[in-house]
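Participant: Give me a 3D structure for the following:
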Amino acid sequence: MNAAIEIRELHYCYHDGTAALRGVTLTVQPGECVALIGPNGSGKSTLLLHVNGILPEDGRPRGEVRIFGRPAESPHLPWIRQRVGLLFQDPDDQLFCATVEEDVAFGPRQLDLSEAEVRQRVEQALAAVGLLELRHRATHHLSHGEKRRACLAGVLACGPDILVLDEPTSGLDPRGRREFKALLQKLPGTKLIATHDLELAVELCPRCLLLDQGRVVADGSTLVLLNDESLMLAHGLERPHILQHRHPHPATMVAP
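Facilitator: Below you'll find the model as predicted:
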């Protein structure tokens, strides 16, 4: 069986010459839920965009990205973007229709589905995120948490096999974070989650990848990796409060 996500020696520079990714290699198997952690500027968001095939058209990538065995290159990008659902960090970057229902329906309508199937997908997606009652609400009248749920519904309505989420709990209050984490926990399929919310990583993701300066510096069990206080501090992070009473253990290190 092909890996859900396979990345080999991926390098990426922006137009100004800034190196965002420096030889990233990783594999995510079907059904895995993997956290991608690291300090600001480590390359997490850039890496997620490559999985959906967005950035390679804009910059200077080198290396290989494959989704279920298919290279993320022009002939395969429509197929890949149907199977990889990307949730942006800022929901205002993803919402552009007048109402919640219209926004969630936009993606399925691009898939050449019947209107009946579009309506069914929209209803199922809104029910999954708890927004059925707000289907006719103007998107600009939603709270931040509701906007994030609406964006997730729009992704789910397209029926992806892989969910790629960029800081899904940022900007949410404690209740909103708890509710959104519970929602993500119920969703099936492969998930790659870039996050500064290390408690989310502990609660949802058995495996964790630590990215810093565009390189994967550690890959292993979330509990083992995040419990290694010296490793966390060396890369601008802290051992999460949820693990404070556990003894640190050595993480599985990956040579830069």
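Participant: and the longest helix for this structure?
Facilitator: Ranked by residue count and defined by DSSP state H, the top helix of the chain is helix 115-129.
Participant: can you map out the helices along the stretch 1-150 of the chain?
Facilitator: Taking DSSP state H, counting those that start in this stretch to define them, one finds helices in the stretch 1-150 of the chain at 44-51, 77-83, 100-109, 115-129, 144-156.
Participant: Okay, the residue positioned nearest the centre of the chain and P39: tell me how far apart.
Facilitator: By C-alpha atoms, centre = their mean, the mean C-alpha position of the chain lies nearest to L165, the distance being 2.0 Å. Look at L165 and P39: by C-beta to C-beta, to the nearest Å, they are 18 Å apart. Every residue, glycine included, has its C-beta placed from N, CA and C.
Participant: And for Y14?
Facilitator: According to C-beta to C-beta, Y14 stands 18 Å off from P39.
Participant: what do you get for K191?
Facilitator: 22 Å.
Participant: Same check on V51?
Facilitator: In terms of C-beta to C-beta, V51 sits 20 Å off from P39.
Participant: The two: which has the busier surroundings?
Facilitator: A direct count of neighbours by other C-beta atoms under 10 Å for V51 and P39 places V51 higher, at 21 against 14.
Participant: Let me see the ranges of the strands in the chain.
Facilitator: In the chain, the strands defined using DSSP state E lie at 5-13, 19-28, 33-37, 60-67, 70-71, 84-87, 162-166, 190-194, 207-212, 215-221.
Participant: For the ones you listed, which has the smallest mean pLDDT value?
Facilitator: Lowest mean pLDDT of the strands of the chain: strand 60-67, a mean of 88.
Participant: Just checking: what are the partner strands of it?
Facilitator: Applying DSSP bridges to the sheet, strand 60-67 is found paired with strand 5-13 (antiparallel), strand 70-71 (antiparallel).
Participant: report the angle between the axes of the longest one and strand 215-221?
Facilitator: I take that to be strand 5-13. Relative orientation of strand 5-13 with respect to strand 215-221: 160 degrees, computed using axes from the mean of the first three to the mean of the last three C-alpha atoms, to 10 degrees.
Participant: quick one, what contacts R135?
Facilitator: By C-beta atoms under 8 Å, 6 or more residues apart in numbering, the contact list for R135 reads 99-101, 104, 122, 126.
Participant: scratch that, R177 is what I was asking about
Facilitator: 169, 197, 200.
Participant: Please report how far it lies from L163.
Facilitator: According to C-beta to C-beta, R177 stands 17 Å off from L163.
Participant: How about R137?
Facilitator: Plainly put, R137 is 24 Å away from L163 if you go by C-beta to C-beta.
Participant: The two: which is more packed in?
Facilitator: L163 (22 against 15).
Participant: Now do the contacts for the closest residue to the more buried one other than its chain neighbours.
Facilitator: Nearest residue to L163, sequence neighbours excluded (C-beta to C-beta, 6 or more residues apart in numbering): K191, at 4.7 Å. Taking C-beta under 8 Å, 6+ apart, we find K191 in contact with 32-34, 162-165, 184, 204-205.
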